[in-house]
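Chemist: below are the sequence and a predicted model for it; my questions follow.
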Amino acid sequence: MNNSMKRNDNLIRKKIYKYMLTGVMTTVALQLGNVVDAMIVGNLIGSIGNSAVTAAAPFVYILQAAAILFGTGGAVTIAVLLGKREVQSAGKVMGFCIILCIAYPLIFTAATPLSVSAYISLTGAAGQLADMIRSITTVYSLGMPAVSLVLGMAYLITVDNHPGLAARMNIVANVVNLVLDYILVKFTPLGITGAALSTVLGYVAAGLIFIPGYYRSKERMVKPIYKGSLREGKLIRTTMKNGLPNIVSLLMTVVGMFIINSAVLRNLGAGYFSAYAVANNTQNIVTMFLGGMASVIASVAGVLYGEKDYFGMRVVYRRVLRSAMIAGGIVMAIFLLVPGFLAKLYGFDQPELLLDLETGIRIFAFSFVFYILNAILQSYYRTIGQTFLSTTDIALQLILLRIPFMLLGMHFFGFFGLFGAVILSELLSYIITNLLRILKQKRGTTPEKGILAIPDTNGAVILDISVKGSDREAINVARCIKEACEKEPIAPERANRLGVAAEEVVSNIGKYGYKTKAEKDIDICLSKAGDRYFLRFRDDGIPFNPVAYKPSEEAGEDEVHGLMLLKKMADKISYMRVISLNNTVFEMNADEIETDHEQSQG
């Protein structure tokens, strides 16, 4: 086999960067809203406004728990199910995820006065700060059912061929939020209440605009099934397991923020708490880029994991990690060079503490490299079902190491000790998680070696190649399939027909599957599982479902002959449009093939 016919990463790479771009757009929209929101509040209300937003954040995160658990967990579950071509199960997952994203926050809506008062008393805040926290938490309690639905749908829409729509929905939500932020905070007496109300109205507006468009889309593969979906115990448990690392991260962030916020406020005073709030909020700038890049693992690698495409998964991990490290390095350089500028952006108005804040931001910047390593590892292990490793890394990173280290750092080194402790906790979290992974691999509980913990190849694969869709390479496809079939119990005449049919399918994808003359890439895989052979074609051309295709009278014989021949040979044909790729699988019964082979030998 010549080098041009080996498997390459062209097709997967294009999908990685497409989903990465829309993922970054989505998280930039989300986090930029938080960043600019804090800047508007800080500049129009003062440092106490930022302090109130930071103090209220744990309560808001609790309200968002269902959207995070069932949004992220549902996205991973649906991606793997689509990779396995279990569309109905994917519909049930989407159905109960939507129901629970709305039902959970409704509990807090009903108990708003009680829950808000209890939370404020726990923070220890008083006076104006307590009043501001009350305003923020009350608005979010009342509006979170709508916000939670839109947040959850953004994750689910992304994995169902609509990353761009999810990105636009989040962008519009935050544009509306920021415009209303400025208007309501500056020109009305609502003050901090207006800032919280702007966020709710932004998400309501975006949901009304974009969610109906998703339901009307022809590229949508998953149709939510609501009836009986809450009785699907196994699917619900799988979804919760897949979302567990994210919800653990959220809950531990809540606990950690509450502990550290209270400790800084009580031990260092309101002035240093304002400085800490600014430094802590700057992490949203890192998350703007990192979150979108890490989301590619769940969206793309989740589908590839369902298909057992381990080659593609390695490509996804390497390229996402490299891109995230480059982005993190750029952000780190900005933090080191202009920390004062960042402080001013957040409206920090205590000049006597500015030098200390700048130093804290610079120290904090050195944690970004380890923060990225942990975040990518957590997303990856969650996607491949290694929930223990993912959750352990989160627990170490956010609670078990960070909180004790930060409290000790503050005790011995004051304000600066808070940020040095973050560096140490991020580094040790990564090291300990990998040591646990190695230990599990040695014990056989995680059988595959290496940091990715997946097989080198799918042992069932007989042939795995990539071509460009040209006539010349289509001819080579036929030759490669015939050579691969020589080692299998497949009759020569049947192998010849299989190769000829694949040749014509590849040629037709190249001729008719693309609207432009852009680079065309097709992955072809022949594999065997049990008593079945599978011939898969994957391309990024226009959507085309061969199962439903009926040739017109004008269609030429060369246009349909290969497809019709494969349909005649196949025992079953399945088609999925996942991660914006056509995935067509022709399934053949090995027993029938062996019978043909025996007859030919006779």
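Modeler: Arrived safely. Note that the structure is a prediction, hence the values are computed from the model and not measured.

Chemist: go ahead and confirm Val255 touches Ile399.
Modeler: Yes - proximity of Val255 to Ile399 meets the contact threshold set by C-beta atoms under 8 Å, at 6.4 Å. Glycine gets a C-beta too; all of them are placed from N, C-alpha and C.

Chemist: of those two, who's got more company?
Modeler: Ile399 (19 against 14; other C-beta atoms under 10 Å).

Chemist: for the helix or strand containing Thr239, what is the average pLDDT?
Modeler: According to DSSP states H and E, Thr239 maps onto helix 233-267. Summarised as a single mean, pLDDT over helix 233-267 is 84.

Chemist: tell me the helix or strand right after that helix.
Modeler: For helix 233-267, the following helix or strand on the C-terminal side (DSSP H and E) is helix 269-281.

Chemist: next secondary structure element downstream of that next one?
Modeler: Assigned by DSSP H and E, the successor of helix 269-281 is helix 283-296.

Chemist: now Leu373: which helix or strand?
Modeler: Element membership of Leu373 [criterion: DSSP H and E] is helix 368-383.

Chemist: what's the answer for Asn583, then?
Modeler: Element membership of Asn583, judged by DSSP H and E, is strand 581-589.

Chemist: buried ones in that strand?
Modeler: Using 16 or more other C-beta atoms under 10 Å as the test for burial, strand 581-589 gives 581-586, 588.

Chemist: okay, the residues you listed in JSON lines with distance to Ile451 and pLDDT next?
Modeler: Converted to JSON lines, the buried residues of strand 581-589 look like this (distance: C-beta to C-beta, whole Å; pLDDT from 0 to 100):
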{"residue": "Leu581", "distance to Ile451": "27", "pLDDT": "86"}
{"residue": "Asn582", "distance to Ile451": "32", "pLDDT": "87"}
{"residue": "Asn583", "distance to Ile451": "28", "pLDDT": "86"}
{"residue": "Thr584", "distance to Ile451": "33", "pLDDT": "84"}
{"residue": "Val585", "distance to Ile451": "30", "pLDDT": "85"}
{"residue": "Phe586", "distance to Ile451": "35", "pLDDT": "82"}
{"residue": "Met588", "distance to Ile451": "37", "pLDDT": "77"}
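
Chemist: greatest separation within these: which pair is it?
Modeler: Leu581 and Met588 (22.2 Å; C-beta to C-beta).

Chemist: name the spans of the stretch 101-250 of the chain whose pLDDT lies under the cut-off.
Modeler: Applying pLDDT under 70 to the stretch 101-250 of the chain flags no residue at all.

Chemist: would you map the helices across it?
Modeler: For the stretch 101-250 of the chain, the helices defined by DSSP state H, counting those that start in this stretch occupy 112-123, 127-159, 163-187, 192-216, 233-267.

Chemist: repeat for the stretch 351-500 of the chain
Modeler: Per DSSP H, counting those that start in this stretch, the stretch 351-500 of the chain carries helices over the ranges 354-365, 368-383, 387-395, 402-413, 415-443, 471-485, 492-512.

Chemist: one step back: nearest to Cys101, out of the helices of the stretch 101-250 of the chain?
Modeler: helix 127-159 (3.7 Å).

Chemist: mind listing what's buried along the closest one?
Modeler: For helix 127-159, by 16+ other C-beta under 10 Å, it's 129-130, 132-159.

Chemist: for stretch 265-285, same thing?
Modeler: Residues of stretch 265-285 classed as buried: 265, 268, 272-285 (neighbour count, 16+ other C-beta under 10 Å).

Chemist: report how many residues lie close to Gly202.
Modeler: 24.

Chemist: Leu428 versus the nearest residue to it once chain neighbours are set aside, what's the distance?
Modeler: Among residues not flanking Gly202 along the chain, Asn177 sits closest, at 3.4 Å (C-beta to C-beta, 6 or more residues apart in numbering). For Asn177, the distance to Leu428 equals 37 Å [C-beta to C-beta, to the nearest Å].

Chemist: who has more neighbours out of the two?
Modeler: Neighbours were counted for Asn177 and for Leu428 using other C-beta under 10 Å; Asn177 has more, 26 against 17.

Chemist: mean confidence score for stretch 279-298?
Modeler: In this model, stretch 279-298 has a mean pLDDT of 74.

Chemist: cool, stretch 500-509 as well?
Modeler: Mean pLDDT, stretch 500-509: 81.

Chemist: could you dump that stretch to PDB, C-alpha only?
Modeler: Presented in PDB, the C-alpha positions along stretch 500-509 are these (Å, rounded to 0.1, in the frame of the first residue of the first chain):
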ATOM      1  CA  VAL A 500     -15.500  -1.700  -7.500                       C
ATOM      2  CA  ALA A 501     -18.500  -0.400  -5.600                       C
ATOM      3  CA  ALA A 502     -16.300   1.500  -3.100                       C
ATOM      4  CA  GLU A 503     -14.300   2.900  -6.000                       C
ATOM      5  CA  GLU A 504     -17.400   4.400  -7.600                       C
ATOM      6  CA  VAL A 505     -18.800   5.700  -4.300                       C
ATOM      7  CA  VAL A 506     -15.500   7.500  -3.600                       C
ATOM      8  CA  SER A 507     -15.500   8.900  -7.100                       C
ATOM      9  CA  ASN A 508     -19.100  10.100  -6.800                       C
ATOM     10  CA  ILE A 509     -18.400  11.800  -3.400                       C
END
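
Chemist: tell me how far that stretch is from the chain's mean position?
Modeler: Distance of stretch 500-509 from the chain centroid (C-alpha atoms, centre = their mean, to the nearest Å) equals 34 Å.

Chemist: cool, and stretch 386-401?
Modeler: Counting by C-alpha atoms, centre = their mean, stretch 386-401 comes out at 18 Å from the chain centroid.

Chemist: first residue to last residue on that stretch, what's the distance there?
Modeler: From its first residue to its last, stretch 386-401 covers 21 Å (C-alpha to C-alpha, to the nearest Å).

Chemist: how about Leu342, nearest residue that isn't a chain neighbour?
Modeler: Spatial nearest neighbour of Leu342, excluding adjacent residues (C-beta to C-beta, 6+ apart): Thr282 at 5.7 Å.

Chemist: what is the neighbour count of Ala548?
Modeler: For Ala548, the neighbour count with other C-beta under 10 Å is 7.

Chemist: circling back: quick one: closest of the helices of the stretch 101-250 of the chain to Asn545.
Modeler: Across these, closest to Asn545 is helix 192-216 (C-beta to C-beta), at 18.1 Å.

Chemist: could I get the buried residue list for the closest one?
Modeler: Buried, per 16+ other C-beta under 10 Å, within helix 192-216: 192-207, 210-211, 214.

Chemist: same deal with stretch 473-484?
Modeler: 473-474, 476-478, 480-482, 484.

Chemist: what packs against the strand or helix carrying Phe341?
Modeler: Assessed by DSSP H and E, Phe341 sits inside helix 339-345. In terms of contacts (3 or more C-beta pairs under 8 Å, 6 or more residues apart in numbering; DSSP states H and E), helix 339-345 is packed against helix 354-365.

Chemist: so how far is the helix it packs on from its chain's centroid?
Modeler: 31 Å.

Chemist: what's the answer for stretch 472-492, then?
Modeler: Chain-centre distance of stretch 472-492: 38 Å, with C-alpha atoms, centre = their mean.

Chemist: tell me the mean pLDDT for that stretch?
Modeler: Rounded mean pLDDT across stretch 472-492 is 82.

Chemist: tell me how far the residue nearest the centre of the chain lies from Leu235.
Modeler: Taking C-alpha atoms, centre = their mean as the criterion, Ser295 is the residue nearest the geometric centre of the chain, at 2.4 Å. From Ser295 over to Leu235 the distance is 22 Å, taken as C-beta to C-beta.

Chemist: give the closest residue to Val60 in space, chain neighbours not counted.
Modeler: Tyr140 (5.2 Å).
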